[in-house]
Each structure stands twice: as C-alpha cells, then as structure tokens.
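Novice: No letters, just coordinates:
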Ligand code: SAM
Ligand code: SF4
Ligand code: SF4
C-alpha cells in the first residue's frame, strides 16, 4: 500500500526514480563519455553485474511504495539494453507509477518506437546538440548525422509519442546552434530544453567559463523570438519554461549551474549495477544489488532504501565552488544516468 513519501534531512520527499539500464553507449559525447577515457579497451560492466529486469522491477515497486511516482529510464544509451520493452511493460503495470519517460540519443528509435509504445511508454526525451552535420558528428564522437535523429523523432511522433528535445550548450562549441535549434523545433511544435553544461564525472573538461547560462541563452533567443515565462506545473519541476508568444510551443531551461534547484530535488537514482544514489554528483552509492543477491526480503530492502533517503543531505549544485570542484571525486554521468 502506498504511504506518504519518505523525506530526507532537508524535508524533500522521494518522488522520482531514474533508472540507468546500461552503462554502454554508441556515442562518445565529450561532456559525458570523452573518447580519451572511454576508448576501445574501456571495461564496461559485464552483464552479470547488471541488474536483471526482475530485480529492477522489484526495486521499482519498493521505491514506489515509499513515495516514488515518476520513473525515467536512462543510461548510457537505454536503447542498447536488449529487451527494453519488457521492462517498460513491467514498470507500466506497477500500481502507483503515474508517469514514465525515457531519455535517449535517438539513434535506435526507429527500430524500437513501436514496441516501446506498445509496452506503455508515452514520453521521450531525445538529446540533440546541433543541426550542423559536421559539428554534431564531432560532438557525438561517432560522426552520426543529425538528420538520422530528426527522422527518428518524426517517426516517434507519428507513432504517438510526446517528444521533448534536450540540448547541452557549451561555450565555444555549439552556441551558434541555439537559435537554429530553437527555430527548427518551434516550427515543429516540439519543446526544446537547453541544458547548462555540468561538471559531471571527473574529466569532462568542465569550467565555469564553458557554461552558457540560461540568462545568456534567453537573451540570444529574445533577439529572434518573443517569449513569455510560464508558471511551474508542480513542486520540484526542473525546467524553467517559456512559451513563444501567440503559440502553444514551449522552450525550457535546465539551470543546474546558474540557478540550482537542490531545495526541491526529489530524485533518486539507480545505476545499472544496482547502486542507489541520492545525487547526480555523489561520490558513492548504496549497493542494493548486493543486498538483493544475498537473499534479502522486501522488508530489509525497504529499510535500507528508507534509511539512505532519510539521511540524505545532498545539495551539490547549491554548494558548487572551486573547492568542491577540486575535492570531490564523482561518478560518471553515463554510469549514473543523468
Ligand atoms: N544516452 C542518453 C542521452 O544522451 O539522451 C541518455 C543518457 S544521458 C547521460 C542523459 C542526459 O544527460 C542527456 O540529455 C545528456 O545530454 C545529458 N548530459 C550528459 N552529460 C552532461 C553534462 N556534462 N552536462 C549537462 N548535461 C549532460
Ligand atoms: Fe551517450 Fe548520452 Fe552520454 Fe552522449 S550523453 S555519451 S549519448 S550517454
Ligand atoms: Fe539534486 Fe544533487 Fe542535482 Fe542538487 S546537485 S539538484 S541534490 S541531484
């Protein structure tokens, strides 16, 4: 039976669970899995270390009983996990799951859209950082062209999906794409969300100087479009939303650096090898897989999850400083799942 959500030390309820279903990816975005670190000989997790779908479903059910109602499937590249629709179907069937979404780079959407929709998935966030083919090919590290992703977005929408697009903006890399991307997706009536470049992992070349803030992006947009700020939809909503005047199309901003939102952060994360993290910038997680595989019953698992959440005090983005940047060893974004 569902109860009131458990709360952490800062009285933030647990509401969202982001599940990383694989640590592998077909891209090598420099801000997430730089080629130099994730080379041909990189040791990804062996499949025996990944949570099985049964284990994920069991844990999801327990998280839901403690207050989670929103699930996001991510990775690595989640569409590289074989049989994903089976997991989607299982999550869809859990009583208390009110919303489920998937974040993907979109390359394999064409093959999987229909089965995922059939399994109950309705919402997709597709990442795309540029429309310029040469630039996008360089940014994804694999020379994949943007028209592949654009076609797959159209295909997903034709199959009934609600799609949002995420663009990470880096100074000196893809700022020139802000207005063309906005224009393209405005005309398509698709929400585009600009994500401030974050210092995830330990070596993605991050510095404050490379962050293009929401204020700056907005200023650039306003030179081409008239925008109106929108109210929050719900507590803990991450995106700051704007609407193009005279239309129903929105743009959003994820301001993790310039206007951090730790005080309303209700997100728990489960890595593909079953570790429970309470912050994107955590240095360590609680090993739920170990507990499950040692034969723990539901009561013990629930007690562990509750205890970790109730001790949570994370507010990394609120506290970000030169000192925290230097001193903290963080887990990688592709591993924890963004
Ligand atoms: N592979 C999928 C994708 O790219 O959509 C899902 C996983 S990816 C880690 C999830 C999201 O994190 C993507 O939208 C990606 O752009 C974003 N991301 C990764 N590294 C980032 C960084 N350093 N700063 C901001 N966003 C980042
Ligand atoms: Fe892969 Fe997504 Fe990371 Fe890019 S952002 S390397 S697509 S996991
Ligand atoms: Fe949540 Fe950590 Fe991000 Fe703050 S820094 S919003 S606590 S994930």
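Specialist: It's in. Just so we're clear, the structure is a prediction, and the values are computed from it rather than from any experiment. Ligands and ions are numbered 1, 2, ... in the order given.
Novice: Just give the nearest non-adjacent residue to residue 53, would you?
Specialist: residue 87 (4.7 Å; Cβ to Cβ, 6 or more residues apart in numbering). C-beta here means a position set from N, CA and C on the backbone, and glycine is covered the same way.
Novice: so does the helix or strand hosting that neighbour get close to ligand 1?
Specialist: Per DSSP states H and E, residue 87 falls inside helix 84-92. No. Helix 84-92 does not reach ligand 1 (Cβ under 6 Å from any ligand atom); its nearest approach is 12.6 Å.
Novice: State the distance from the closest residue to residue 132 other than its chain neighbours to ligand 3.
Specialist: Once flanking residues are discounted, residue 132 sits nearest to residue 177: 6.5 Å by Cβ to Cβ, 6+ apart. Distance from residue 177 to ligand 3, counting by Cβ to the nearest ligand atom, to the nearest Å: 25 Å.
Novice: From residue 203, how far off is residue 177?
Specialist: Separation of residue 177 from residue 203 (Cβ to Cβ, to the nearest Å): 24 Å.
Novice: Between those two, point out the one with more neighbours.
Specialist: residue 177 (21 against 9; other Cβ atoms under 10 Å).
Novice: Can you tell me the number of residues neighbouring the residue of the stretch 1-150 of the chain found nearest ligand 3?
Specialist: As assessed by Cβ to the nearest ligand atom, ligand 3 sits closest to residue 12 within the stretch 1-150 of the chain, at 8.2 Å. Using other Cβ under 10 Å, residue 12 has 24 other residues around it.
Novice: Got the confidence number for it?
Specialist: If you check residue 12, the pLDDT there is 97.
Novice: Residue 218 too?
Specialist: pLDDT, residue 218: 97.
Novice: Remind me which helix or strand it belongs to.
Specialist: Element membership of residue 218, judged by DSSP H and E, is helix 214-222.
Novice: So which other helices or strands are in contact with that helix?
Specialist: Packing partners of helix 214-222 (3 or more Cβ pairs under 8 Å, 6 or more residues apart in numbering; DSSP states H and E): helix 178-187, strand 191-196, strand 250-254.
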